[in-house]
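Trainee: Could you work out the structure for the sequence below:
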Amino acid sequence: MHMFYQTPSQETSQLEADLCSALSDPNRLLILHALKEGPRNVTELTNELNINQPTTSRHLKVLRDQRLVRVTRQGVSILYELTDIRLINALDILRAVLHDHIISKANLVAEVKSKIKP
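Mentor: As a prediction, this is how the structure comes out:
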């Protein structure tokens, strides 16, 4: 499949910004990574991630509103699951970029330190 780059419109840029905003909280990222292992209910996420229940529910609402997770019912339980595994792939790419930035900064610090005479 060949993809092409198109300059985003104002509307598309706003949608991207909204999506990035949903990803801007560390707890929401932890939730998404937990859900890559499979559907979970709020209690399971709360226990697994050591985040209190009201906070977990609030973050799940943000993720639901952006359609990053969906809700399914299993008996009396409400389960949350990822809507698209590509989201985890995108987060992995961002983590790799972050890793490279950290290495670059560490190399720069080491270079500066080596030029400073004790």
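Trainee: can you pull the pLDDT of the residue positioned nearest the centre of the chain?
Mentor: A centroid search over the chain (C-alpha atoms, centre = their mean) returns L29, at 3.6 Å, as the residue closest to the centre. Turning to L29, the model gives it a pLDDT of 96.
Trainee: contacting residues for it?
Mentor: 23, 91 (C-beta atoms under 8 Å, 6 or more residues apart in numbering). The way it works is simple: take the backbone N, C-alpha and C, and place the C-beta from them, glycine included.
Trainee: for N27, same thing?
Mentor: Residues near N27 by C-beta under 8 Å, 6+ apart: 49, 51, 55-56, 59.
Trainee: what's the closest of those residues to T43?
Mentor: T56 (8.8 Å; C-beta to C-beta).
Trainee: After the host helix or strand of that closest one, which helix or strand is next?
Mentor: Secondary structure assignment for T56, by DSSP states H and E: helix 53-65. Downstream of helix 53-65, the first helix or strand assigned by DSSP H and E is strand 69-74.
Trainee: Which elements pack onto whichever helix or strand comes after that next one?
Mentor: Counting by DSSP H and E, the next helix or strand C-terminal to strand 69-74 is strand 77-82. Contacts defined by 3 or more C-beta pairs under 8 Å, 6 or more residues apart in numbering; DSSP states H and E place strand 77-82 against helix 26-35, helix 42-49, helix 53-65, strand 69-74.
Trainee: got the angle for strand 77-82 vs helix 42-49?
Mentor: 60 degrees (axes from the mean of the first three to the mean of the last three C-alpha atoms, to 10 degrees).
Trainee: in strand 77-82, what's buried?
Mentor: By neighbour count, with 16 or more other C-beta atoms under 10 Å as the criterion, the buried positions of strand 77-82 are 79-80, 82.
Trainee: how about the contacts of N27 in JSON lines, adding neighbour count and distance to A96?
Mentor: Formatted as JSON lines, the contacts of N27 follow (neighbours: other C-beta atoms under 10 Å; distance: C-beta to C-beta, whole Å):
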{"residue": "L49", "neighbour count": "17", "distance to A96": "23"}
{"residue": "I51", "neighbour count": "18", "distance to A96": "26"}
{"residue": "T55", "neighbour count": "13", "distance to A96": "28"}
{"residue": "T56", "neighbour count": "25", "distance to A96": "27"}
{"residue": "H59", "neighbour count": "23", "distance to A96": "24"}
